[in-house]
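[1] Here's my sequence, what's the structure:
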Amino acid sequence: MSRSLYLHCPPGSIAERVLMTGDPARIERIAGMMEGGQIIARNREFLVANGTVQGVPFTAISCGIGAPSAAIAIEEAAQLGAKAIVRVGTMMGIGLPMGMFVLSTGAARFEGTSPAYLGMPFPAVPDWTLSQHLLESARVSNHAARAGMTATYDAFYPSMAPALVGRGLPDIDLLQSAGVVALDMETSLLYILSARLRLASASLCLITNNADPFEIIDAAERDAGEVALIQTVFDGMAHWSPS
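    Numbering: from 1, shown residues only. All right, here's what the predicted structure looks like:
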C-alpha cells in the first residue's frame with residue numbers, strides 16, 4: 001500500500017495520538033496550534049495535519065459529518081499508526097451552558113454504522129485512562145466541563161434538530177430519563193470501532209447549541225471555545241501513554 005484509499009497518507013505517516021474532528025476548516029486551526037504543523041493530505045472531507053505539541057507528535061484528521069465517514073477515517077488512521085483517537089468537535093446540549101465541554105462517558109447507539117462492527121449488546125464507552133487525562137486537563141485550565149452520557153444519531157434534522165424545520169422537539173424526556181446530556185453524530189461509532197480495533201478513544205466536545213430550548217452559541221464564543229478545547233485535548237493526550 002503506497003497510500004491509504006481516502007486519507008491519501010502512506011504507512012507510518014499518522015502519529016500515535018490523533019485528534020479527529022468533523023469540520024475540515026478546524027484542521028487548519030489545529031495545525032496552527034502545533035509546532036511545525038502542516039497539512040499532509042487533502043481528499044474530499046478528509047484533511048490530515050501533522051505536528052508536535054510539547055515535543056509530542058500529533059495528527060489531526062477531519063472526517064466530515066456522521067458515523068459512516070468517521071468510520072473510514074478511524075479505520076485508515078489505525079492502519080497508518082494511530083493508537084489513540086479523541087473526537088474534538090461540537091455537541092448539542094440538553095439544557096447545558098453554551099461553551100461548556102462535555103466528556104462522553106458512554107454513548108447511546110442511535111446511528112447505523114457501529115452495528116457493522118459490534119452488535120448492539122456491546123456498550124459504546126471510552127477508554128477511561130485517556131478520559132481521565134482529558135478531564136484533568138480541563139480542570140487545570142479552569143474550563144467548565146461535564147462528564148456524562150451522550151447519544152449519537154444519523155439524521156440531524158429529524159432526530160436532533162426538528163425545531164429548525166418546524167417539526168417540534170426530539171424526545172427530550174426519554175433522553176433525560178436515561179441521563180443523556182448531549183447529542184452528536186459520531187461518538188458511539190468512535191467508541192465501538194475503537195474497541196474493535198483496540199484503540200484508546202474518548203470524545204471531548206464543545207456545546208454550541210441546545211436542543212430545548214433551541215439556541216446557538218455566539219460566533220466569538222464558539223471560536224474561543226474551540227481554541228480552548230483543542231489546547232485541552234493536546235494537554236490531556238500529551239500525558240497519555242500507550243499501555
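
[2] ok, and the closest non-adjacent residue to residue 129?
    Closest residue to residue 129 apart from its sequence neighbours, by C-beta to C-beta, 6 or more residues apart in numbering: residue 240 at 6.8 Å. Quick note: C-beta positions are derived from backbone N, CA and C, even for glycine.

[3] nope, residue 90 is what I meant
    Per C-beta to C-beta, 6+ apart, closest to residue 90 is residue 208, 4.3 Å.

[4] Report the central residue of this protein.
    For the chain, the residue sitting closest to the mean C-alpha position, by C-alpha atoms, centre = their mean, is residue 87 at 1.9 Å.

[5] Contact partners for that residue?
    Residue 87 makes contact with 20, 21, 184, 186, 187, 190, 201, 202, 203, 204, 205, according to C-beta atoms under 8 Å, 6 or more residues apart in numbering.

[6] Next, format these as TSV and append pLDDT, distance to residue 212 and neighbour count.
    Below are the contacts of residue 87 laid out as TSV (pLDDT from 0 to 100; distance: C-beta to C-beta, whole Å; neighbours: other C-beta atoms under 10 Å):
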residue	pLDDT	distance to residue 212	neighbour count
20	98	28	24
21	98	26	28
184	98	16	28
186	98	22	31
187	98	20	31
190	99	25	30
201	98	29	27
202	98	26	31
203	98	22	29
204	98	23	29
205	98	18	26
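
[7] Show only the entries of these found in helices.
    187, 190 (DSSP state H).

[8] Quick one: residues contacting residue 3.
    By C-beta under 8 Å, 6+ apart, residue 3 lies in contact with 9, 10, 41.

[9] burial of the second one, as a residue count?
    Read that as residue 10. 14 (other C-beta atoms under 10 Å).

[10] That one and residue 48 touch, don't they?
    No. Using C-beta atoms under 8 Å, residue 10 makes no contact with residue 48, being 11.0 Å away.

[11] With respect to residue 116, which of the contacts of residue 87 is nearest?
    Checking those against residue 116 by C-beta to C-beta gives residue 190 as the nearest, at 14.0 Å.

[12] residues touching that closest one, list them.
    With C-beta under 8 Å, 6+ apart, residue 190 has these contacts: 20, 70, 74, 85, 87, 201, 203.

[13] hmm, 10 Å instead?
    Residues near residue 190 by C-beta atoms under 10 Å, 6 or more residues apart in numbering: 20, 63, 67, 70-71, 73-74, 85-87, 104, 107, 114, 124, 126, 152, 184, 199, 201-203.

[14] Generate a PyMOL selection restricted to the buried entries among those.
    In PyMOL, this line selects whichever of these come out buried by 16 or more other C-beta atoms under 10 Å:
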select buried, resi 20+63+67+70+71+73+74+85+86+87+104+107+114+124+126+152+184+199+201+202+203
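
[15] Which ones among the contacts of residue 190 lie within helices?
    Counting by DSSP H, the contacts of residue 190 contribute 67, 70, 71, 73, 74 to helices.

[16] of all the residues you listed, which comes closest to residue 167?
    Set against residue 167, the nearest of the ones in helices among the contacts of residue 190 by C-beta to C-beta is residue 67 (22.1 Å).

[17] Assess the claim that the closest one and residue 187 are in contact.
    Yes. Counting by C-beta atoms under 10 Å, residue 67 does reach residue 187; the two are 9.1 Å apart.

[18] Which residue ranges of the protein form strands?
    All strands of the chain, identified by DSSP state E, fall at 17-21, 35-43, 46-53, 56-62, 84-93, 101-110, 145-153, 180-184, 200-211, 214-216.

[19] Mind telling me which of the ones you listed the model trusts least?
    When the strands of the chain are ranked by mean pLDDT, strand 214-216 comes last with a mean of 88.

[20] Now do that one: everything it contacts.
    Contacts for strand 214-216 (C-beta under 10 Å, 6+ apart): 92, 93, 98, 161, 162, 163, 164, 169, 208, 209, 210, 222.

[21] Right, I'll call it a day here.
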